[in-house]
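Participant: Pasted the sequence and its predicted model underneath.
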Amino acid sequence: MLSISTIFFQFCPYFRRYPQPNFGIFNLYQQHPMSDLSYISLRGNRAYNTVVRPDFELYFEASKNIYHPVDNPHGTFPLNVADNNLNWSILSKKLQHISATQKIPHWVSGYTSGRGHETFRAALAEFVGNFLANRPLDPENIGVAAGATAVIELSAIILADKGDVAVFPAPAYPVYSRDIMNKAGVERYDLITHHDSDAIHHGPILSIEHLEKAKQDIEYQGSNFKLLVVTNPDNPTGGLYTAEQLETIADWCIERKIHFIVNEIYGLVTINTKHPSIVTDYAHQHQFTSFLSIIHQKNSPYLHQWYALSKDIGISGMRVGTVYSLNQPFLSAFNNLSLPHMVSNHTQWLLENVLGDQKFMRNFLDAQQQALTKGYIVVVEMLKKLNIPFVPSYGSLFVWADFSKFLKTETLTGEMEFWENLYKNTGVLLTPGIGFGHTKKGMFRIVYTCFDDGSLLVAMARIADYLSSLSKS
């Protein structure tokens with residue numbers, strides 16, 4: 001008797017074109033000839049049995065067979081990891097020019113401050129101040145570490161104790177759970193503010209009532225509400241918190257001695273919401289407002305900002321994350337703990353020169369918004385044709401879309417089954433809703449910044465063809 005997988009391979013019109021995905025990765029406890037866990041510590045056991053995210057291994061598998069219109073027309077589209085490749089060709093030329101024409105300073109070969117070299121922090125302060133905050137920033141309030149993940153982990157270790165709770169308005173980036181838990185031992189609490197995505201079409205709806213209810217719930221369970229983290233622009237919805245929202249929440253947190261952190265990692269990748277193709281999707285033309293001005297206005301040790309160059313500049317692999325805070329004991333502790341998380345001095349020197357070229361950065365960021373908007377339009381126009389609800393994005397690298405009507409059952413099993421089958425049949429890999437902490441099943445994140453417009457059209461057409469076949473079956 002033929003197995004189901006064999007029958008699937010023989011008769012599925014799309015799946016035969018793609019290498020068989022290794023869905024065995026979802027067994028988190030795979031055994032290996034050398035998998036005797038007695039050889040490692042209890043911490044090592046926990047790490048062995050804790051995957052970073054459920055779609056990561058499949059992402060690397062799909063990345064070995066990337067679509068190319070000529071060389072690999074039946075290749076895959078990993079649209080699940082938030083990489084921004086839109087203008088790497090521009091940036092890479094700039095980096096190569098710096099390397100070829102400028103002398104590497106002596107400090108690059110030695111040790112430097114655990115918070116980042118002083119000249120790099122000065123360049124960061126000027127760049128972020130000019131382009132994100134619209135106000136002067138003091139380099140002495142900046143801490144630098146190897147990527148946003150390192151900054152988040154260090155912040156959790158310093159600002160909270162093991163067993164304390166960090167609150168995230170849902171849906172929220174799944175890997176926050178690992179970043180705050182793996183070493184710091186801080187618990188994640190997903191704060192539900194809505195169920196259906198139409199409730200947040202005009203932006204996040206986090207209110208003081210939501211926060212009070214979460215605080216009561218956490219304290220009832222005998223825990224301590226220690227951190228509140230929001231991402232602005234939001235991941236995965238692309239929504240924007242208004243300045244009024246942020247200030248109201250900041251006052252609430254300061255009064256209750258809760259650390260309020262705003263992650264602005266997507267602060268400079270915003271959509272041109274006035275573009276004729278999408279302008280009618282927005283009832284309000286919100287503009288991004290950085291939390292940095294509120295930090296200085298309130299002058300409180302309970303307010304902090306996270307940032308990184310990963311998304312805005314498109315250099316996730318260069319690992320540069322930052323924290324900005326007026327809390328000097330926090331920054332001193334950051335310096336003392338950051339040795340395993342320091343950014344390469346050579347990377348700091350290279351980027352110091354890039355960020356310091358204000359004219360280049362202005363042109364680069366303008367090109368980023370143009371390319372970002374074009375890719376976003378490709379995705380949402382197809383979603384509209386397919387009558388798939390989505391949250392109109394103001395910024396970030398993705399669209400949060402509702403595929404729930406295509407699930408056999410509105411359960412986690414139904415969601416994962418649809419996700420797997422979509423990839424098997426189309427080669428298009430989305431971010432599944434699992435891990436975002438939300439109640440609605442069938443929500444998926446579509447990253448549109450890894451391919452050009454022509455390739456995105458192919459990916460979306462494959463999704464459309466597959467969904468059409470489901471409707472006919």
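Facilitator: Nice, thanks for sending it over.
Participant: Could you list every helix and strand that the helix or strand hosting Asn363 packs against?
Facilitator: Following DSSP states H and E, one finds Asn363 within helix 358-385. If contacts are counted by 3 or more CB pairs under 8 Å, 6 or more residues apart in numbering; DSSP states H and E, helix 358-385 sits against helix 88-101, helix 345-355, strand 398-402, helix 453-472. From N, CA and C alone the C-beta is placed, and that goes for glycine too.
Participant: again, 6 Å this time
Facilitator: Counting contacts by 3 or more CB pairs under 6 Å, 6 or more residues apart in numbering; DSSP states H and E, helix 358-385 packs against helix 453-472.
Participant: tell me which residues in the helix it packs on are buried?
Facilitator: Applying a neighbour-count criterion of 16 or more other CB atoms under 10 Å, one finds Ser455, Leu456, Val458, Ala459, Met460, Arg462, Ile463, Ala464, Tyr466, Leu467 buried in helix 453-472.
Participant: Convert that helix to CSV, retaining C-alpha atoms only.
Facilitator: Only the C-alpha atoms of helix 453-472 are listed here, as CSV (Å, rounded to 0.1, in the frame of the first residue of the first chain):
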residue,chain,number,x,y,z
ASP,A,453,8.3,43.0,-7.1
GLY,A,454,8.3,40.6,-10.1
SER,A,455,9.2,37.7,-7.8
LEU,A,456,6.6,38.7,-5.2
LEU,A,457,4.0,38.6,-8.0
VAL,A,458,4.9,35.0,-8.8
ALA,A,459,4.7,34.1,-5.1
MET,A,460,1.3,35.7,-4.6
ALA,A,461,0.0,34.1,-7.8
ARG,A,462,1.0,30.7,-6.5
ILE,A,463,-0.9,31.4,-3.3
ALA,A,464,-3.9,32.5,-5.3
ASP,A,465,-3.8,29.3,-7.5
TYR,A,466,-3.6,27.1,-4.5
LEU,A,467,-6.5,28.8,-2.6
SER,A,468,-8.6,28.6,-5.8
SER,A,469,-8.0,24.8,-5.9
LEU,A,470,-9.2,24.6,-2.3
SER,A,471,-12.4,26.4,-3.1
LYS,A,472,-13.1,24.0,-5.9
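Participant: any idea of the mean pLDDT in that helix?
Facilitator: For helix 453-472, the mean per-residue pLDDT is 93.
Participant: quick one: that helix to strand 398-402, angle?
Facilitator: With axes from the mean of the first three to the mean of the last three CA atoms, to 10 degrees applied, the angle from helix 453-472 to strand 398-402 works out at 10 degrees.
Participant: And helix 453-472, how far out from the chain middle?
Facilitator: For helix 453-472, the gap between its own C-alpha mean and the chain's C-alpha mean amounts to 25 Å (CA atoms, centre = their mean, to the nearest Å).
Participant: So what touches that helix?
Facilitator: Contact with helix 453-472 is made by Tyr67, Phe77, Lys374, Gly375, Val378, Met382, Leu386, Phe406, Asn425, Thr426, Val428, Tyr448, as judged by CB atoms under 6 Å, 6 or more residues apart in numbering.
Participant: any idea how far Ser300 is from the closest residue to Lys298 other than its chain neighbours?
Facilitator: The shortest distance from Lys298 to any non-neighbouring residue, by CB to CB, 6 or more residues apart in numbering, is to Ala250 (5.8 Å). For Ala250, the distance to Ser300 (CB to CB, to the nearest Å) stands at 8 Å.
Participant: In terms of helices and strands, where is Glu244?
Facilitator: Using DSSP H and E, Glu244 falls within helix 243-256.
Participant: buried set for that helix?
Facilitator: Neighbour count says helix 243-256 has Ala243, Gln245, Leu246, Glu247, Ile249, Ala250, Trp252, Cys253, Ile254 buried, by 16+ other CB under 10 Å.
Participant: between those residues, which is nearest Leu42?
Facilitator: Closest approach to Leu42 among the buried residues of helix 243-256 (CB to CB): Cys253, at 34.4 Å.
Participant: Scan the contacts of helix 453-472 and report the most crowded one.
Facilitator: In terms of neighbour count, Phe77 stands highest of the contacts of helix 453-472 at 26 neighbours, by other CB atoms under 10 Å.
Participant: right, and that one touches Val428 too?
Facilitator: Yes - taking contacts as CB atoms under 6 Å, Phe77 lies within contact range of Val428: 4.6 Å.
Participant: circling back: now the next helix or strand after the helix holding Glu244 - C-alpha only, CSV.
Facilitator: Tracing the chain C-terminally past helix 243-256 and defining elements by DSSP H and E, one meets strand 259-263 next. Taking C-alpha atoms only, strand 259-263 is exported to CSV below (Å, rounded to 0.1, in the frame of the first residue of the first chain):
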residue,chain,number,x,y,z
HIS,A,259,9.7,49.4,33.2
PHE,A,260,8.2,50.4,29.9
ILE,A,261,10.3,49.6,26.8
VAL,A,262,9.4,50.6,23.3
ASN,A,263,11.1,48.6,20.5
